[in-house]
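Q: could you work out the structure for the sequence below:
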Amino acid sequence: MSRSLLSLSCVLSLFALSVGELAAQALPEVTLSIKEINRLDVFEERELAQAEKAFKDQKYADARTRYKSFVVKHANSPGTAYAMLRMGRCAELGGTTADAIEDYQALVARFPRSDKYA
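A: Modelled structure (predicted):
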């Protein structure tokens, strides 16, 4: 292989590696702000904390079930939009794309004006 082709091959390999590394970097997860947490009652905060722990432990099916339970029990909570977003994220990370799409569509339908969550 000629020297220029070898150099070009090395450059392309490095470029492909860089692109792959960029794609692998995860965007930061959306979280509740301190202000939003302070608006939750004790029961809501406890239930979300349990769902968050399951999410952090990468138990996405369990976390999704907990977020879904939160949405049903606390439909008018300040944490409902967040829980709906996390349901979709759990489905996405758990590999159930169809569920993730449904969850995200339900979030946008229910909170169409939410800049943070929809």
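Q: dihedrals phi and psi, G94?
A: Main-chain dihedrals, G94, degrees, to the nearest 10: phi -80, psi 0.
Q: contacts only, for it.
A: Counting by CB atoms under 8 Å, 6 or more residues apart in numbering, G94 makes contact with Y60, A61, R64. In this view, the C-beta of every residue, glycine as well, is placed from N, C-alpha and C.
Q: and the closest residue to the first one other than its chain neighbours, what pLDDT?
A: Excluding the flanking residues, the one nearest Y60 by CB to CB, 6 or more residues apart in numbering is G94, at 3.6 Å. Taken from the predicted model, the pLDDT recorded for G94 is 95.
Q: likewise for T31?
A: 87.
Q: what about it, neighbour count?
A: Neighbours of T31 under the rule other CB atoms under 10 Å: 11.
Q: what's the distance between it and Q58?
A: 17 Å (CB to CB, to the nearest Å).
Q: kindly report the same for S77.
A: Distance from S77 to Q58, by CB to CB: 25 Å.
Q: which of those two has more neighbours?
A: Higher neighbour count among S77 and Q58: S77, with 20 against 11, using other CB under 10 Å.
Q: in this protein, which residue is most central in space?
A: What sits nearest the mean C-alpha location of the chain, by CA atoms, centre = their mean, is R89, with 3.6 Å.
Q: could you pull up the residues touching that one?
A: Neighbours of R89 in contact, by CB under 8 Å, 6+ apart: E29, F55, A100.
Q: let me have these in JSON lines, adding secondary structure and neighbour count as columns.
A: Converted to JSON lines, those look like this (DSSP: H, G, I helix; E, B strand; the rest coil; neighbours: other CB atoms under 10 Å):
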{"residue": "E29", "secondary structure": "coil", "neighbour count": "12"}
{"residue": "F55", "secondary structure": "helix", "neighbour count": "20"}
{"residue": "A100", "secondary structure": "helix", "neighbour count": "19"}
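Q: what's the helix or strand where Q105 lies packed up against?
A: In this structure, Q105 sits in helix 97-110 according to DSSP states H and E. Applying 3 or more CB pairs under 8 Å, 6 or more residues apart in numbering; DSSP states H and E, we find helix 97-110 packed against helix 80-93.
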